[in-house]
Structure formats: C-alpha cells, structure tokens
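S.K.: The sequence and its predicted three-dimensional model are supplied below.
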Amino acid sequence: MALSADIDGEDEQGQSSTGIRRAYDFIVCGSGSSGSVVARRLAENPDVNVLLIEAGGTDDLPEIIDPLQWPTLRGSAQEWGFRALANPRLNGRSIPMAMGRVLGGGSSINVMSWSRGHRVDWDDFAAIAGDAAWNYHSVLEIYSRIENWQGARDPRRRGTSGPIFIDVIHKPSPLEFAALQAYAEAGIPQFDDQNGIMMEGDGGVALTNVCIRGGVRQSIYRAYVHPLLGKPNLTMVNQAIVTKVALDENRAESVEFLHGGRLHRVSANCEIILSLGAINTPKILMLSGIGDERELARFEIPVVQNLPGVGRNFQDHFMAPCVWQAGRPLERHGNLGNVTAIWKSNRDLDRPDLQSFVVTGGYASPQAAPTPLPPDCWSLTSAVLRITEPGRLRLTSNDPLQPVEIDAHFLASGDDRMRLRTAIDFSREVGNSKALADFRKAEILPGGSDTETIEAFMRNGTVSHSHQSCTARMGRDAMSVVDSRLRVYGIANLRIADASVLPRVTTGNTMAPCVVIGERAGEILQQDYRL
C-alpha cells in the first residue's frame, strides 16, 4: 500500500494545513502507561519540543472515569479489538485481547490494579540486560519516587509524594473480608500491602493496590500528561494512526501517521520513541523494515535491519475464572477486584506463578457461560503468571491498516496446562471453603471436579488477562531487539518504551512495570541529551 504519495503539504514555516509542525525534537508514539511518562519527562524541559501521537480519542467518558464500569470497556470503541488466532487447544476459539485505543492506553480501560512485579523479575531483567539500573534495588527507587501511596506505611519500599495516586479499599465488603480469611485458612499468608514484602517472597493475599481517587480512575495519562496540556512545547495529536518510521539508511528520521484523512510525515531532530504496545510496536518496526528478513520478504518490505526477535517471544497471562452465585446482592466498590492473591504451583519455584482476584461479579467467556450469569455472582480469576511457551506476532500484509496475526500459544505446553489446572483446583478449594459459605448459593463454573468437566472448562473458559508483553525484548543475544538503554539494535535515534521490551512478563498486572519503563526511558534520554 503506497501511502506516502498523499503526505500532507506544509507552508514556508514548516507547518501543515492541520497545524502539525514539520519537525519536533522528540516524537513519542502512544500515550499509554509508558508513552505518557516519556512525553512528560521530556516536555518538563521548556526548551524541548515534544510531539505525542495517540490513535484513540478522549478519555473523558463516564465508563472510563467510573472504576465500576471497566467491564463495559471490553469490546468498546476505546480498545483495538485484537483477537488471537483460533486455538485448537481452546476448542478453536479466537480469544479477544484488550488493548487501549484511547488517551491513556491500557491505563484508561484496565482494572486499575497497581502491581509492581516480583523482586526476582527485576533482578532477572538486570542480568539479561547486563545493566544494574534494571535490578530490584534500582527499580524500587523509581517506584518510591513516583508513588503517592495511601496505604500502610513502609518508607523502605513505598513513596508518598509522587504523581501516581495508589490506595486500597479501607473498608472491605463482607465478601472481601471472608475471602481474605479463606485464603489465609488455605495457607496463603495475609499482608498489609501486595507491593511490599509480599512481592519479595513466596506470595500472599492482600487488598489490591488500585489507582482510584475519590471514586475516579487515575490513569497514567491523567497523572503525567494532562497537567502539562497547554504548554507550548508539548503538542498532542490524537485520532492519529502511526503507519511507519521513515529511515535514512540506519537512522530513524521521521514518523508517518494518518490523521484527519491525510498522511503526515513529521521529522524528529533527536529521537523517535515507540510506545505503541506489544502488538503495534513490533508491527510498526516490521512495516519500517526492521525485523526478521524472512518475514519482511513475504510482503516485499525492504530490509533495513535484520532483527529476527521482532514479534517473537509474545507473552501474556491467561486465566479461567471460577464463578459462584451468591444468592443475595453484593456490595460493589473500588475496582470490583479488591482482593489479590499470588502463590506458587510448586514450592521450589523462585517466585509465585499463579494469581487470583476476588471479583464482585460474574467473569466468564461466552463459551464457558453460554447463558447469562445470574446478577449476584462473584469470581476467582485463576491466572497463570509464568508462561513456558511464548507465542508470536506476524504481519498479514504490508498495509498498515491491516491487523497482525497473534499466535498467543495459550496452553501449548504440558507445564502451562498443569499450572492452570492447579490454579483452578486451588481457587475452587478457596471458593468452596467454610469461610465463604455465606456467599455461596451454587458453584456455576466449572461446576464440578471430575477430569472431563475441568478439561472442558479449561478449553472453553480460558481468556487473556490482557498483559501482552515481550515482543521486542531487551537483551544481549541474537533474538534481542533493544539494548539496556532501550535503543533498537542497528538503528540510530529509535527507542522502544513499552511492555514490548520486557524479557519476560512480570508477576502480576503490567501497568506499573510499564510506568517504570517510561521513567527509565525518560532518565536515559535526559542523560544522553543533557536535558
């Protein structure tokens, strides 16, 4: 598809007919949990001109603002509508994968859970990257600087004066209080804070850290970018689809994007930062000639840099939520998932590999629950956090408006199937415990313990946790895409700052690690350009 012939014209001052300038110092593509942070840190310097490009529109919508309405955002116009390939291990189902297409990206459509990752995750990343700036001690300093934590005091681990407001439900509902007791009775120790010492050991159960203030969602965009709107050195363009990074030999020169019915090309005096997420970032790399040369040859895309790791190593958490009918109305508050437990499927593991949220509501795929669930339900999400066989992304065309092929590879290995079965079995033990008896009229899903029932439930009930990651990973081997300073190998002036760069998906939800990636990118750029 030849779009470049339609590039919008410019006047003598280098400004397009829509008011977009010909060049900026830095171009940040994507306003999600990493891109918003990078744009903020660059634009804090009044001498630096920043262009922030976002595919979606406004986040000023009731269903985004109200934390209780996040389920209505699944399948809405505020997300991309990605679906994985039909999976024969899941009865041929093509699983939806939510990813934000709105100001704030995923932080505007997610469940608002702030989960910082396990200590071992970050120490692993530092070892893989060969850079101590990514280890747990270093990242803990970043978290302490950016958090405005309202929960139990922990000066060693938690900050209280940063831009990101984080709290817990201070008065758990009767269901949530009983669930805390049920997990504790099942051998999962209870902690005051899910992101304190609990994320340094074998796991536990705690009230969920949530980015909610006064009953209102606190997205990363609202925390970082929105306060700077109106500054003359920050330009934000939304409803704009990035189609390509234009390269001059092995140097990133400009970004091409569709906006207002026309194609624009804007140059970067310094650098371009891709923060489009773990699906769109590798897509744009490949469309720009950066990727596996064999893949690019399929669509006659000229190879600029052969990086076979682009689009590989796709990782996501998956889960098969168990559901019970309560038989009476339940209190709904917070993010509906105000209790979090993580634990190990095997005590010899170096970090927890299973997670559950106690969700005040029915949470199930349409195949697992073909008829509407009763109104008064609650769920345990039963998620696998450690993936043994990653998936892959592939182009389907050289047309940037065509979707990529997502092979999520869920349940591809015996280990992954064993972990999911363990998560389900333990969730049923907790859900059917004496502590939760007052809230249990009937178990709806899986509805039985025999092997046939559980296996059918795994095939029909497994869904994505929407924590897509790792498709342009950081490292030092032949399959790595970026180095420890987030520079794309072999390409000058191009960096990646989003979940793509994670070598492995973190333990828990991925919003908080994405903010750390954005903060690291901001620090690095400030250092390299002496800003």
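M.R.: Great, that's in hand.
S.K.: and residue 525, that's in a helix?
M.R.: Yes: assignment of residue 525 by DSSP: H, G, I helix; E, B strand; the rest coil places it within a helix.
S.K.: what's the neighbour count on the residue nearest to it when sequence neighbours are not counted?
M.R.: Once flanking residues are discounted, residue 525 sits nearest to residue 42: 6.4 Å by Cβ to Cβ, 6 or more residues apart in numbering. No exception for glycine: its C-beta is placed from N, CA and C like everyone else's. Residue 42: 27 surrounding residues under other Cβ atoms under 10 Å.
S.K.: Could you do residue 46 as well?
M.R.: Counted with other Cβ under 10 Å, residue 46 comes out at 10.
S.K.: ok but it is inside a strand, no?
M.R.: No: Residue 46: not assigned to a strand; according to three-state DSSP it is coil.
S.K.: if I look at the residue lying closest to it once chain neighbours are set aside, how far off is residue 53?
M.R.: Distance criterion Cβ to Cβ, 6+ apart; nearest residue to residue 46, sequence neighbours excluded, is residue 233 at 5.6 Å. The spacing between residue 233 and residue 53, counted by Cβ to Cβ, to the nearest Å, is 16 Å.
S.K.: Those two: which has the busier surroundings?
M.R.: residue 53 (27 against 16).
S.K.: Which residues are in contact with the more buried one?
M.R.: 27-31, 237-238, 240, 242, 255, 257 (Cβ atoms under 8 Å, 6 or more residues apart in numbering).
S.K.: Closest to residue 454 out of those?
M.R.: Using Cβ to Cβ, residue 30 comes nearest to residue 454 of the contacts of residue 53, at 39.4 Å.
S.K.: The closest one touches residue 498, doesn't it?
M.R.: Yes: with contact defined as Cβ atoms under 8 Å, residue 30 reaches residue 498; the gap is 6.7 Å.
S.K.: So between those two, which is more surrounded?
M.R.: residue 498 (33 against 28).
S.K.: Okay, the more buried one and residue 363: tell me how far apart.
M.R.: 26 Å.
S.K.: go on, residue 115?
M.R.: Taking Cβ to Cβ, one finds residue 115 at 18 Å from residue 363.
S.K.: neighbour-wise, which of these two wins?
M.R.: Per other Cβ under 10 Å, whichever of residue 115 and residue 363 has more neighbours is residue 363, with 25 against 22.
S.K.: do you know how far the more buried one is from residue 285?
M.R.: 34 Å.
S.K.: How about residue 169?
M.R.: For residue 169, the distance to residue 285 - Cβ to Cβ - is 41 Å.
S.K.: out of the two, which sits in the more crowded spot?
M.R.: Each of residue 169 and residue 285 has its neighbours counted (other Cβ under 10 Å); residue 285 has more, 28 against 16.
S.K.: Excluding chain neighbours, give the residue nearest to that one in space.
M.R.: That would be residue 310: by Cβ to Cβ, 6+ apart, it lies 5.1 Å from residue 285.
S.K.: Which residues are in contact with residue 324?
M.R.: So residue 324 contacts 377-379, 431, 436, 439-444 (Cβ under 8 Å, 6+ apart).
S.K.: Can you list which of those are found in helices?
M.R.: Among those, the members found in helices (DSSP state H) are residue 431.
S.K.: Only the buried subset of the contacts of residue 324, as a PyMOL command please.
M.R.: Buried residues within these, by 16 or more other Cβ atoms under 10 Å, are selected in PyMOL with:
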select buried, resi 377+378+379+431+436+439+440+443+444
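S.K.: Return the member of the contacts of residue 324 nearest to residue 147.
M.R.: Out of those, the member with the shortest distance to residue 147 (by Cβ to Cβ) is residue 379, at 28.5 Å.
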